[in-house]
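K.L.:
Kindly generate the corresponding structure for this input.
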Amino acid sequence: MSEASDRIAAKHDYTATTPSTAGDEDDGALPTGSDSVCIRNRESETDEEAAGHSARVGSSNHSAGRGENPHEPSSGRSDGSNNATESLLKRDQQKCSYRLSKSEYLRHASKRSGRKPLALALESLRLARGPGRMTVPEYVQFGLDDPALSDAERRRFLTETLHWPIVHRCCDMTWMATVEDTWLCTRILEQSGLPTPRTLAVIDRTKRTYPGTRTIRTASELRDFLCAHVSDDTPVFGKENRGIMGFGVFLVLEADRERLHLEGEGWFSYQDFLDELVGDTAYILQPVERNHPFFERFTNHLATVRVGVFHTREGPKILFTVLKIPGTSNLSDHFWRKGNLACDVDPSTGVIRRARSKDPLGTTDYIDHPETGARLIDETLPHWADLRDLALKCSENFAPIRYQSMDVAITPNGPLLIEINVGGAFNLPQLASGRGFLTDEVMEFFDDCGVRLKRSHKLKN
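P.N.:
Residues are numbered from 1 along each chain as shown. Here you go, the predicted model:
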């Protein structure tokens, strides 16, 4: 890479700021009463699903493989990996972390596209200054170096670093806990008569109470609960009450009076499990939900459809739908996990239009599932009309959150609400479809919410 292109790449070192929001870089909060979003960026270091700030992960299907022989159990600690400084949450966060220099990203793009590094550096700099505020890693991962793309198509893409500034403008953030606290959200959905997984219990070692829900604070309480609920046919799924990106999920396969057995982790004493893998994090315990038979050809864990909803002045509208398929060895369907797929689905018909995996440098397209060989493209998801109706009805419970997204499982009994998010990652639908988020409809909605993206050039194709 030339010295000139290195210097240009180095200029992509932005700082995310909003008017009068010093010290708010973590969440991009906007000041009360601000008329619009003023936008400058920093380099995104998060995955596409960090933006959704999702507190919930869909209950996982029980894997056919059980890992270690239950008659020859390990302690789960033989290699020292399961210790107080490496909880399930922290290890997942480390797996998700991946960073290259900007020059390395551009070198890869040059090799892939056959274009000169200086031309790519200049193009990425123009996009960084445009309405979508692209960062160099996003420019490369979205494949915007592809010479077949027009400049107008590239300018449709939107950076993840603007997610929270935009969401704070579009949504009444006083409603955030109603969806980001899984226990609270589940209670609201149940009272609304909407299908959602049951909460069997909560593990929480703080003094918070959960009225009407069994609360586990000690090793003996955890033992009594699991011995009563876990059997060969009924494992128990656990996820953080206020987590993001599916970090720290677990599946309890077996339990006796002394130990519990986690899928992929081994055996633990109850006290070690609480001290080393849970810590001070609150966890929701749920029954395992099962896929509709349609999905058995692809995965043995629960797949979900990410549904993006805008609450416009005319009412709620479904903006995008993405099917997330977990790999055969993954408990959750989040796209950062290696082996998982994201499939662009036609929101009107439920037909799969595109299927992709991703890595830090790009995406790979598939016609058939890469592990099972089953056909993906042009397949129609079951219960699609019911899924659309459920998503729209659910969104009305949280109407002040004008941009929201939800993950919906399709079970043998129909669609099931797994999680609701304030906002929703811009990266996921863009990576799944290969199209930019900034459609005319989105721009009109953002304008109505008071979001003012820089438009020095027209976005029309």
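K.L.:
drop to CA atoms for contacts and neighbour counts, all remaining ones
P.N.:
Fine.
K.L.:
For the lengthiest helix in the chain, which residues meet the burial criterion?
P.N.:
In the chain, ranked by residue count with DSSP state H as the criterion, the top helix is helix 384-397. Under the neighbour-count criterion of 16 or more other CA atoms under 10 Å, helix 384-397 has 384, 387, 388, 390, 391, 392, 394, 395 buried.
K.L.:
Stretch 123-133 too?
P.N.:
Across stretch 123-133, burial judged by 16+ other CA under 10 Å covers 123, 124, 125, 127, 128, 129, 130, 131, 132, 133.
K.L.:
in which helix or strand would I find the second one?
P.N.:
Secondary structure from DSSP states H and E places residue 124 in helix 117-128.
K.L.:
Give me the next element, helix or strand, following that helix.
P.N.:
Counting by DSSP H and E, the element that comes right after helix 117-128 along the chain is helix 136-141.
K.L.:
distance between that next one and the chain's centre?
P.N.:
Here helix 136-141 is found 18 Å from its chain centre; the criterion is CA atoms, centre = their mean, to the nearest Å.
K.L.:
same thing with stretch 403-412?
P.N.:
12 Å.
K.L.:
going forward, begin numbering at 30 instead of 1
P.N.:
In the new numbering, first residue 30, that becomes stretch 432-441.
K.L.:
Check the burial of residue 368 by counting its neighbours.
P.N.:
Residue neighbour count, defined by other CA atoms under 10 Å, stands at 18 for residue 368.
K.L.:
The residue lying closest to it once chain neighbours are set aside: what's it in contact with?
P.N.:
Closest residue to residue 368 apart from its sequence neighbours, by CA to CA, 6 or more residues apart in numbering: residue 356 at 4.7 Å. Residue 356 makes contact with 328, 330, 362, 367, 368, 369, 370, 400, according to CA atoms under 8 Å, 6 or more residues apart in numbering.
K.L.:
Just the buried residues of those.
P.N.:
Using 16+ other CA under 10 Å, the buried members of the contacts of residue 356 are 328, 330, 362, 367, 368, 369, 370.
K.L.:
So residue 213 lies in a helix, does it not?
P.N.:
Yes: with DSSP: H, G, I helix; E, B strand; the rest coil as the criterion, residue 213 is located in a helix.
K.L.:
wait, doesn't residue 466 sit right on residue 185?
P.N.:
Yes: assessed by CA atoms under 8 Å, residue 466 is found in contact with residue 185 at 6.1 Å.
K.L.:
for this structure, which spans come out with low pLDDT?
P.N.:
30-127, 272-276, 360-362, 365, 484-490 (pLDDT under 70).
K.L.:
at 80 instead, please
P.N.:
In the predicted model of the chain, residues 30-128, 261-262, 272-277, 357-366, 483-490 satisfy pLDDT under 80.
K.L.:
so what are the domain limits for it?
P.N.:
Under the assignment automatic domain parsing, the domains of the chain span 32-76+138-196+471-478, 200-224+321-463.
K.L.:
Let me have those in JSON lines, extended by distance to residue 312.
P.N.:
Output for the domains of the chain, formatted as JSON lines (distance: least, CA to CA, whole Å):
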{"stretch": "domain 32-76+138-196+471-478", "distance to residue 312": "22"}
{"stretch": "domain 200-224+321-463", "distance to residue 312": "9"}
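K.L.:
now do the same end-to-end measure for stretch 215-228.
P.N.:
Criterion CA to CA, to the nearest Å; first-to-last residue distance in stretch 215-228 is 8 Å.
K.L.:
In it, which residues are buried?
P.N.:
215, 216, 217, 218, 223, 224, 225, 226, 227, 228.
K.L.:
The fifth one contacts residue 423, correct?
P.N.:
In this case it means residue 223. Yes: applying CA under 8 Å, one finds residue 223 in contact with residue 423, separated by 7.3 Å.
K.L.:
Tell me what angle the biggest strand by length in the chain forms with helix 413-426.
P.N.:
Counting residues, the longest strand found in the chain (DSSP state E) is strand 344-354. Interaxial angle, strand 344-354 versus helix 413-426 (axes from the mean of the first three to the mean of the last three CA atoms, to 10 degrees): 120 degrees.
K.L.:
Pull the residues that contact strand 344-354.
P.N.:
327-328, 331-340, 362-364, 369-376, 417, 421, 424-425, 457-458, 461.
K.L.:
Could you tell me which of those residues belong to helices?
P.N.:
Checked against DSSP H, the contacts of strand 344-354 include these in helices: 417, 421, 424, 425, 457, 458, 461.
K.L.:
among those, which two are most distant?
P.N.:
Within those, 425 and 461 form the most distant pair, 26.4 Å apart (CA to CA).
K.L.:
hang on, the earlier thing: now list the buried members of the contacts of strand 344-354.
P.N.:
By 16+ other CA under 10 Å, the contacts of strand 344-354 give 327-328, 331-340, 362-364, 369-376, 417, 421, 424, 457-458, 461 as buried.
K.L.:
count of residues packed around residue 380?
P.N.:
So residue 380, with other CA under 10 Å, has 19 neighbours.
K.L.:
Could you tell me how far residue 206 is located from residue 241?
P.N.:
For residue 206 relative to residue 241 (CA to CA), the value is 19 Å.
K.L.:
Quick check: closest non-adjacent residue to residue 449.
P.N.:
Closest residue to residue 449 apart from its sequence neighbours, by CA to CA, 6+ apart: residue 435 at 4.3 Å.
K.L.:
looking at this, that neighbour is in a strand?
P.N.:
Yes: under three-state DSSP, residue 435 sits within a strand.
K.L.:
Let me see the contact set for it.
P.N.:
334, 335, 336, 337, 420, 446, 447, 448, 449, 450.
K.L.:
Nearest to residue 477 among the residues you listed?
P.N.:
For the contacts of residue 435, the nearest to residue 477 is residue 337 (17.4 Å; CA to CA).
K.L.:
my read: the closest one touches residue 453, true?
P.N.:
Yes: between residue 337 and residue 453 there is a contact under CA under 8 Å: 7.0 Å.
K.L.:
what residues do the two have in common as contacts?
P.N.:
Joint contacts of residue 337 and residue 453 (CA under 8 Å, 6+ apart) are 432, 433, 434.
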